[in-house]
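Peer 1: Generate a structure from the sequence data that follows.
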Amino acid sequence: MAGLHSSMDPMANRSLTEMDRAHLIHPVTSFRGHEAHGVRVLSSGRGMWLTDSDGREVLDAFAGLWCVNAGYGQESIVEAATEQMRTLPYATSYFHYGCEAAIRLADKLTDLAPSGLDHVYFTLGGSDAVDSAIRYITHYFNAIGQPDKKQFIALEWGYHGSSSTGAGMTALPAFHRGFDLPRPWQHYIASPYPYRHENGDDDEAVIASTVSALEAKVAELGADKVAAFFCEPIQGSGGVIVPPVGWLKAIRDACDRLGILMLVDEVITGFGRTGPMFACDAEGVKPDFMTLAKGLTSGYVPMGAMLMADHVYQAIADSAPAALPVGHGFTYSGHPVSAAVALEVIRLYENGLLENGRKTGIRFGERLQAIADHPLVGDVRWRGMLGAIELVSDKSTKASFGAELAIADRLNAISWENGVIVRNFPQGVIGFAPALCCSDDEMDLIFDRVEKSLDQLMDVAEVRAALGVGGK
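Peer 2: This is a model prediction of the structure:
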């Protein structure tokens, strides 16, 4: 361990920066941009707090990457992983083998999930959970004698991973540029984005517009050609876009009418992030597929899950002789250590963590609402412990700041210096996903620091010029 602890030495830190710049490819990052910026080395965490290699303590208001729902340093999670590693560090799920932790986790998830989702395939994260669903959906329609149903529809601003297939279902330009995506069978309809919707103050109009768009897209492609519709209950990486209550249920009903499968991507919204265990629960939605990850293990170890409805499972099971395998599998599917961690994390959710998130979520909403009057803020939106602030240069026209101002980069630097980590999206949206262990006092501290950061952003001459405000 001496080599790890030596990272606290300033000379070692410089060496880590050089090694990172030379060798480590970072996700969704400009290669040259990262080389110029350099790495911020995080060295430890406890609860809501992270410490970097220089000893700076910062509040993490984004739970790592929407995932550390239980907070950092939960000893019972570490103990669960340690005990499983001592007992059985790996067990394959191939060849009819299995392990207790994965079996118990599958049973637990199907008990917690919306009824009908009776079968679980374990993955390493959300991206390969989406990929797995696409493969099984393809197999399903072949199995039931409808091989032409191969077109998939998702939402603009949606995110469904960055794998070679799932990234095409993602509708964000960065994930398509240079990768020859989307595929010809991947299509999008407009996002239910209330702040940017022409009838954004009318929930029913927002809901109706998505239903109409889905119906129109299915008609355009051909009802006998469309396999499934994918959506997030709240669009996370698109800028925390929160549809009206009732939207998800309306989409479920539309999919039923249109004869297409519905996949609900709860990689971000699952495990208490919006209040209930799953966002689907709030509207009684029972999808055909549900994808999970992130909060499943609170980010402590990699794991994802794809839940499949029984009618899909039975059709695939009956489509071939019993001796013929269904050719989809990962080496680490149902990994015993990840499964043991997930079981302990779920125990924490059920023993007070979800309730604390619901309680602190009230303060979260209050502080978001209070900051709406800031001169830079055009919109605030949230559900549970997931929310966003959208910055604009003109509140009346909702005009965004020009890309040349690099608002996200400026805010990243300012908020870091003020001791808080938030997600700053390029379009001027500040995303929040505090751990469910957050206290009211910590929530206040988050927003005190964010408000200070917004005030300092207003002191930048170019920003004031965009607002039409002179001087300081």
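
Peer 1: Test my guess that C99 contacts L105.
Peer 2: No - between C99 and L105 there is no contact, the gap being 9.9 Å when judged by Cβ atoms under 8 Å. From N, CA and C alone the C-beta is placed, and that goes for glycine too.

Peer 1: which one of those two has more residues nearby?
Peer 2: Ranked by neighbour count (other Cβ atoms under 10 Å), C99 and L105 place L105 first, with 25 against 21.

Peer 1: which one is that one nearest to, not counting chain neighbours?
Peer 2: Take L105 and drop its neighbours on the chain: the residue closest to it by Cβ to Cβ, 6 or more residues apart in numbering is A339, 4.4 Å away.

Peer 1: list residues touching both of C99 and L105?
Peer 2: Shared contacts of C99 and L105, defined by Cβ atoms under 8 Å, 6 or more residues apart in numbering, are found at G334, A339.

Peer 1: Domains in this protein, by residue range?
Peer 2: The chain breaks down by automatic domain parsing into domains covering 2-73+353-461, 76-348.

Peer 1: which residues of the stretch 201-350 of the chain fall in strands?
Peer 2: 226-231, 261-265, 289-292, 304-308 (DSSP state E, counting those that start in this stretch).

Peer 1: Ok, the stretch 51-200 of the chain next?
Peer 2: Along the stretch 51-200 of the chain, the stretches classed as strands by DSSP E, counting those that start in this stretch are 57-60, 119-123, 151-155, 186-189.

Peer 1: just those: most buried one?
Peer 2: strand 151-155 (a mean of 25; mean count of other Cβ atoms under 10 Å).

Peer 1: hey, C-alpha coordinates of it in CSV?
Peer 2: The C-alpha coordinates for strand 151-155 follow below in CSV (Å, rounded to 0.1, in the frame of the first residue of the first chain):
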residue,chain,number,x,y,z
GLN,A,151,-36.7,-0.4,-35.7
PHE,A,152,-36.0,1.3,-32.3
ILE,A,153,-37.2,4.7,-31.1
ALA,A,154,-35.8,6.9,-28.3
LEU,A,155,-35.9,10.5,-27.2
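
Peer 1: packing partners for that strand?
Peer 2: Identification of packing neighbours for strand 151-155 by 3 or more Cβ pairs under 8 Å, 6 or more residues apart in numbering; DSSP states H and E yields strand 186-189, helix 203-221, strand 226-231.

Peer 1: hmm, back to that, report the contact partners of the residue nearest to L105.
Peer 2: Q84, C99, A101, A102, R104, L105, F122, M303.

Peer 1: Go again with 6 Å.
Peer 2: By Cβ atoms under 6 Å, 6 or more residues apart in numbering, the contact list for A339 reads A101, A102, L105.

Peer 1: Show me where the stretch 251-400 of the chain has its helices.
Peer 2: Taking DSSP state H, counting those that start in this stretch as the criterion, the stretch 251-400 of the chain carries its helices at 310-317, 336-348, 354-371.

Peer 1: I'd like those laid out as a markdown table, including distance to L172 and mean pLDDT.
Peer 2: Shown next, in a markdown table, are those (distance: least, Cβ to Cβ, whole Å; pLDDT from 0 to 100):
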| stretch | distance to L172 | mean pLDDT |
| --- | --- | --- |
| helix 310-317 | 28 | 98 |
| helix 336-348 | 28 | 98 |
| helix 354-371 | 24 | 98 |
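
Peer 1: which one of those lies closest to V78?
Peer 2: Closest of the helices of the stretch 251-400 of the chain to V78 is helix 336-348, at 8.9 Å (criterion: Cβ to Cβ).

Peer 1: Now do that closest one against strand 119-123, angle only.
Peer 2: Angle, helix 336-348 to strand 119-123, by axes from the mean of the first three to the mean of the last three Cα atoms, to 10 degrees: 120 degrees.

Peer 1: Taking strand 304-308 as reference, get the angle to helix 336-348.
Peer 2: Using the same axes, to 10 degrees: helix 336-348 against strand 304-308 is 80 degrees.

Peer 1: In PDB, could you pull the C-alpha coordinates for helix 336-348?
Peer 2: Coordinates of each C-alpha in helix 336-348 appear next as PDB, following Å, rounded to 0.1, in the frame of the first residue of the first chain:
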ATOM      1  CA  PRO A 336     -20.500 -12.700  -6.600                       C
ATOM      2  CA  VAL A 337     -18.600  -9.700  -5.100                       C
ATOM      3  CA  SER A 338     -20.800  -7.200  -6.900                       C
ATOM      4  CA  ALA A 339     -23.900  -9.100  -6.000                       C
ATOM      5  CA  ALA A 340     -23.000  -9.200  -2.300                       C
ATOM      6  CA  VAL A 341     -22.300  -5.500  -2.400                       C
ATOM      7  CA  ALA A 342     -25.700  -4.800  -4.100                       C
ATOM      8  CA  LEU A 343     -27.500  -6.900  -1.500                       C
ATOM      9  CA  GLU A 344     -26.000  -4.800   1.300                       C
ATOM     10  CA  VAL A 345     -26.700  -1.500  -0.500                       C
ATOM     11  CA  ILE A 346     -30.300  -2.500  -0.900                       C
ATOM     12  CA  ARG A 347     -30.500  -3.400   2.800                       C
ATOM     13  CA  LEU A 348     -29.300   0.200   3.500                       C
END
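
Peer 1: In it, which residues are buried?
Peer 2: For helix 336-348, burial by neighbour count (16 or more other Cβ atoms under 10 Å) applies to P336, V337, S338, A339, A340, V341, A342, L343, E344, V345, I346, L348.

Peer 1: Distance check, the nearest residue to the second one once chain neighbours are set aside against A340.
Peer 2: Spatial nearest neighbour of V337, excluding adjacent residues (Cβ to Cβ, 6+ apart): Q84 at 4.9 Å. Distance of Q84 to A340, computed by Cβ to Cβ, to the nearest Å: 4 Å.

Peer 1: quick one on the thing from earlier: you'd agree the residue nearest to V337 is up against S338?
Peer 2: No - using Cβ atoms under 6 Å, Q84 makes no contact with S338, being 8.9 Å away.

Peer 1: Take the buried residues of helix 336-348 and lay them out in TSV including distance to D281.
Peer 2: Shown next, in TSV, are the buried residues of helix 336-348 (distance: Cβ to Cβ, whole Å):
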residue	distance to D281
P336	28
V337	28
S338	24
A339	23
A340	25
V341	23
A342	19
L343	20
E344	22
V345	18
I346	15
L348	18
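
Peer 1: List the residues that contact the residue positioned nearest the centre of the chain.
Peer 2: The residue lying closest to the centre of the chain (Cα atoms, centre = their mean) is I268, at 3.2 Å. Contact partners of I268, counting by Cβ under 6 Å, 6+ apart, are W66, G236.
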